[in-house]
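Q: Got a predicted model here, sequence first, then my questions.
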Amino acid sequence: MIDIRTPDNFEWRFVLVAMGILAVGVISIYSVAPGPAPGGQTPLYAKQLAWILIGTLAFLAAIAIDYHKLARHAYVLYAVMLIVLALVLVMGKSSRGAQRWFSLGPIAFQPSEVAKLALVLVLAKYFADVQRSGWVQRVIVPGLLTLPGLLLILKQPDLGTAMSFTFIFVSMVLVSGLHAKALGMGILFTSMLFPFAWELIWTSLHDYQRERILTFWDPMIDPAGKGYHALQARIAIGAGGLLGKGLDEATQSRLKFLPEGHTDFVFAVFAEQWGFIGVLVLFLLFAALIFLASEIAFKARDPLGLLLAAGVLSTLGFCLMVNVGMTMGIFPIVGIPLPLMSYGGTTTVTSMAALGLLLNVKRRRLTLFY
Amino acid sequence: MSKFTTQHEDFKNLQRRLLYLRLGLLLGLLFLSVRLWYLQVVKGDYYRALSEQNRIRTVDLKPARGLIFDRHGELLANNVPSFNLYLTVEDIRDREGLAAALEDLLGLPRAETKKRLALQARSYVPILVKAGLTLREAALIEGHRLDLPGLRIQAESQRNYPQGSLGGHLLGYVGEVSPEQQDEPAFAGLPQSSMVGKAGVEKTYDRMIRGTAGEKTIEVDARGNERKTVGVVEQTPGDDLYLSLDMRMQQMAESLLGEEAGAVVALDTTNGDVLVLASRPTFDPNTLSRGLTAAVWEQIVTDPRHPLTNRALQGQYPPGSTFKIVVASAALESDKWSSDTKVRCTGSFQSGNHTFRDWKKGGHGVMDMDQAIVNSCDVYFYNIGHRLGIDAIAETARWFGLGQPTGIDLPSERVGIVPSTEWKQRVRKEPWYAGETISVAIGQGYVTVTPLQMAVATAAAANGGTLYKPRLVRAVRERATSRLREIPPQDRGTVPLQDRTFALLHEALHGVVTRGTGGRARSKIVEIAGKTGTAQTVGARAVQTGTNHEAVPKQFRDHAWFVAYAPADAPRIAVAVIVENIGHGGTFAAPIAKALIEEYLKVSDTDDRHQNTGQF
């Protein structure tokens, strides 16, 4: 059982930081949509609070089940996840040209978010078990493990999650030990392939994805159309200035000039309201989370724990970098939510479960025998 | 042991690499912070300005135009509420769809809408799409508002002319200020889609009656919906105008002209007040003020009868025999002629190898000046012209204000022509031929005048020589102070004729009505003095000689003139009437002048309303 009274086993600093970020998210969502959602439904912030409650259950569950036990079923879990990803292509709900969701009554469930955690688990298990260090064992086989999931997600299509998948794979390969020489060769090989791959990738993209990438370079190509999101997000962030405009005066978000203010662009909402100083505080919270998470990974009892924690860390870190980067205009706009802040059931619950896995690793590090 | 060590070393390797991952993520955050610094601190002001531009819209508050009344307080122009549709280009998401929707809902041609959208440079300034929506159209637009961002219906005041087409020319009409007008100093700084006067007193007094626009600053959301008012600068309504016009007489004049083209001007001889300024055919200023489609405008502009022309001050006609007043004055002031000078009229006059005919076949016999005016003897005046020469006539004509603007407070007045040797040399680059003077002596040839000029000249002849500037607006009530400011009568000097010249003119002009060509103007209630005129049209002379009037095609028939004043002994009103292409002045124009004079003197004798300036 979990002994929450033992400070060493239960990382209170970690939980406080996570709660801080969650609270900032709820406040930002509230500021965008303080009233009931269209159709007289529950306000979004209230729904988000409900998701956080469910996420807390997932968090506690992820702590409770020993990760070694989880890892034993890693391949089965991953296989189930692949089947679900295949099913969503057949039975899923289609929206805005993509088929990513299962409709469960009023709730839309996005399996690709959960699939990221399944991939982390299966790769951690694989790298912890593998003995020999060679190309086949260290790159090709894990690559083949990743590929089916990646392809299924690309088929939806969900460019953002597909990029997360790739990043999880690459970072796990690197952490598990690829020599510098091999890494260099890999980069060389990839960059030689790139022109051919680019052709393939570019032509397989949907029109709206291509437009997003083009308008990323220059939002003014079509300020009222395809470049609108990018431009309005940039205006919102910039208008925040040093000290922010406050909740009431943040006109970009309050007057809905900034679209998707509660989901993918929640960071822009926060930046407009709280300014540079506010965002620095938020970044410090995220930095603390990264620091504590890597600390847990570092002090893990065994390679499996370390790799699992490192995988979770890189998943969350990647989403953080790409989401903030795209709202600031550093990356093209791909639909990646900001972990623990964006509104959304699947992302909130999954992110909180991921935090639970981290504490799971920490909790078991002193249990030398069981 | 060795396996354990290896595992241990492997684990150390994992830990080392983990630190790189941590370092990479923290560096990433640092990099994002730098970018954030750039966006929020370095470029903060720039983006804040952009966000302000997003949310702030200014809405013009249109001032109500001043009201216009006639001399008796009759309402000539006011404002009525109207639903106007505006469009903000910046808020449009789908231009094609919008143009299509406007065609479906309001019947506005798609191509025209798109052209207007393309022309709009400042995308955040609302443009007027349609004025005067019906309730049904307004409801349709409101119903589709969520699909059509950028559209806004605003209740505004619409210029209204309760008298319809009556006095349309002098009132003028209003319209949206045009890009060309915005460059003029009188309209500088007016917001686009401001209503300004386009003609008539609406144009002359625009600066006074348009008022000052206000401005409402509002905050809008991304859909263009108004959220709250940020600031208001109230509008000031325009000043009211009180005209000297007598609407009852105006109506009478217009209906007497009927379907004929022509003009009637009546002035108060004592101060230059314009009592009647009628021109037909006319137009309804309501139609022109409500935003015309291109097709309707085209139709008005290309109408061969030129309804937009105000003939009273823009129609330039040969004065015909009415010009004999001027020529007689020139003769009486000259030492080459006197009132007793007699001429035998045989029906024709020979100059060089050209024969000039009198209107009366066989002639009038022996005539003196008085008889020549009363009977309008052409031969007598041919002789005067021959004796005096053109420049003496031209000088006298200018004394009477011909060839110059009367200075009426209306736009686009024309001045006609007073020919002289200097004029011919300057304009035609030819010398004056003596024979040309003969035609001018009876008001034909090069000389042209406007009906308004003739009315002013007749008033001057009647009142002993004071040349008044016609005054259409007597007073302005300032809305800001409620003070009534009178515009004093103005004269442009006097006609320097001797008293006995005036006396002879008065006697002869009275005689025209009592015993001469103007018999149809004789009234039972008032003594009227006047002069008939029959102006030949340019191409008409060949057709005309000796033929029956009814057989002449309409456009070649003579213009009928009559100028008059009354009462003959103490004049108070002067009238000039011209009816185009109808025939003799004595027959067709004189009765109109008589009816107006009787109406004016009858009314003002029974109740002296027009002198009661206090009742504005």
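A: Sure thing, it's come through. Source: prediction; values computed, not measured. Numbering: from 1, shown residues only, chains lettered A, B, ... in the order given.

Q: So which helix or strand of the chain has the lowest pLDDT on average?
A: With no chain named, the answer covers chain A. For chain A, counting by mean pLDDT, DSSP states H and E, helix A:207-217 ranks last in confidence among helices and strands (a mean of 67).

Q: that's the other chain; I wanted chain B
A: Taking all helices and strands of chain B together, the one with the lowest average confidence (mean pLDDT, DSSP H and E) is helix B:541-544, at a mean of 45.

Q: Now do the same contact list for the residue nearest to B:Leu332 when sequence neighbours are not counted.
A: With Cβ to Cβ, 6 or more residues apart in numbering or on different chains as the measure, B:Thr501 is the residue that lies nearest to B:Leu332, at 4.4 Å, once sequence neighbours are left out. Quick note: C-beta positions are derived from backbone N, CA and C, even for glycine. If you count contacts by Cβ atoms under 8 Å, 6 or more residues apart in numbering or on different chains, B:Thr501 has them with B:Ser329, B:Leu332, B:Glu333.

Q: Can you give me the neighbour number for the residue of the stretch 51-200 of chain A at minimum distance from chain B?
A: When scored by Cβ to the nearest Cβ, the stretch 51-200 of chain A has A:Val175 as its residue closest to chain B, at 4.8 Å. Neighbourhood size, A:Val175 [other Cβ atoms under 10 Å in any protein chain shown]: 27.

Q: now do A:Phe270
A: Counted by other Cβ under 10 Å, the residues lying close to A:Phe270 total 28.

Q: is it true that it touches A:Val24?
A: Yes - with contact defined as Cβ atoms under 8 Å, A:Phe270 reaches A:Val24; the gap is 6.5 Å.

Q: The residue nearest the centre of chain A: what secondary structure?
A: The geometric centre of chain A, computed from its C-alpha atoms, lies nearest to A:Cys319 (Cα atoms, centre = their mean), at 4.0 Å. At A:Cys319 the chain is in helix, as set by DSSP: H, G, I helix; E, B strand; the rest coil.

Q: now do the one 5 residues further on
A: Secondary structure for A:Val324, judged by three-state DSSP, is helix.

Q: And B:Leu128, by the same measure?
A: strand.

Q: Give me the nearest residue to it, chain neighbours excluded.
A: The spatial neighbour of B:Leu128 that comes closest, neighbours along the chain excluded (Cβ to Cβ, 6+ apart), is B:Ser193 at 4.5 Å.

Q: and the one you found, how many residues sit next to it?
A: Neighbours of B:Ser193 using other Cβ under 10 Å come to 17.

Q: And the strands in the stretch 251-400 of chain B?
A: Remark: strands of the stretch 251-400 of chain B, listed N- to C-terminal, are B:262-268, B:274-280, B:343-345, B:348-351, B:354-357, B:365-367; assignment by DSSP state E, counting those that start in this stretch.

Q: Can you check which of those strands gets nearest to chain A?
A: Minimum separation from chain A across the strands of the stretch 251-400 of chain B (Cβ to the nearest Cβ) falls at strand B:274-280, 51.1 Å.

Q: now the closest one: mean pLDDT?
A: Average pLDDT, strand B:274-280: 93.

Q: again with stretch B:559-572
A: 92.

Q: Write out the residues of the stretch 151-300 of chain A neighbouring chain B.
A: If contacts are counted using Cβ under 8 Å from any Cβ of the partner chain, the residues of the stretch 151-300 of chain A sitting beside chain B are A:171, A:174-177, A:224, A:232, A:234-242, A:251-252, A:255-257, A:259, A:271-272, A:275-276, A:279-280, A:283, A:286-287, A:290-291, A:294, A:297-298.

Q: again, only using 7 Å
A: Near chain B, the residues belonging to the stretch 151-300 of chain A are A:171, A:174-175, A:177, A:224, A:234-235, A:237-242, A:251-252, A:255-257, A:271, A:275-276, A:279-280, A:283, A:286-287, A:290, A:294, A:297-298 when assessed by Cβ under 7 Å from any Cβ of the partner chain.

Q: For the stretch 101-250 of chain B, give me the ranges with low pLDDT.
A: B:120-125, B:223-224 (pLDDT under 70).

Q: quick one: contacts for residue 285?
A: If you meant another chain, say so; for now it's chain A. Going by Cβ atoms under 7 Å, 6 or more residues apart in numbering or on different chains, A:Leu285 touches A:Val17, A:Gly20, A:Ile21.

Q: other chain: chain B
A: Neighbouring residues of B:Pro285 by Cβ under 7 Å, 6+ apart: B:Tyr161, B:Gly168, B:Leu171, B:Gly172, B:Tyr173.

Q: Try it again at 8 Å.
A: Applying Cβ under 8 Å, 6+ apart to B:Pro285 gives the contacts B:Arg159, B:Tyr161, B:Ser165, B:Gly168, B:Leu171, B:Gly172, B:Tyr173, B:Gly200.

Q: how far away is the closest residue to chain B within the stretch 101-250 of chain A from B:Arg35?
A: Nearest to chain B in the stretch 101-250 of chain A, going by Cβ to the nearest Cβ, is A:Gly238, at a distance of 2.5 Å. Using Cβ to Cβ, to the nearest Å, we find A:Gly238 at a distance of 11 Å from B:Arg35.

Q: So which of the two has more stuff around it?
A: Counting neighbours by other Cβ under 10 Å for A:Gly238 and for B:Arg35 shows that A:Gly238 has the greater number, 29 against 15.

Q: The more buried one: which element?
A: helix A:228-240 (DSSP states H and E).

Q: Tell me the helix or strand right after that helix.
A: Counting by DSSP H and E, what follows helix A:228-240 is helix A:246-249.

Q: in that next one, what's buried?
A: When neighbours are counted by 16 or more other Cβ atoms under 10 Å in any protein chain shown, the buried residues of helix A:246-249 are found to be A:Leu247.

Q: what distance separates that helix from the middle of the whole chain?
A: 28 Å (Cα atoms, centre = their mean, to the nearest Å).

Q: what's next to the following helix or strand past that helix, contact-wise?
A: Sequence-wise, the next helix or strand downstream of helix A:246-249 (DSSP H and E) is helix A:251-254. Where contact means Cβ under 8 Å, 6+ apart, the residues beyond helix A:251-254 that reach it are A:31-32, A:232, A:235-236, A:239, A:245, A:248, A:257-258, A:261, A:268-269, A:272-273, B:51-52, B:54-55, B:219.

Q: now with 7 Å?
A: With contacts defined as Cβ under 7 Å, 6+ apart, helix A:251-254 is touched by A:31-32, A:232, A:235-236, A:239, A:258, A:261, A:269, A:272, B:51, B:54-55.

Q: By neighbours, which of the residues you listed wins?
A: Within those, most neighbours by other Cβ under 10 Å means A:Glu272, with 36 neighbours.
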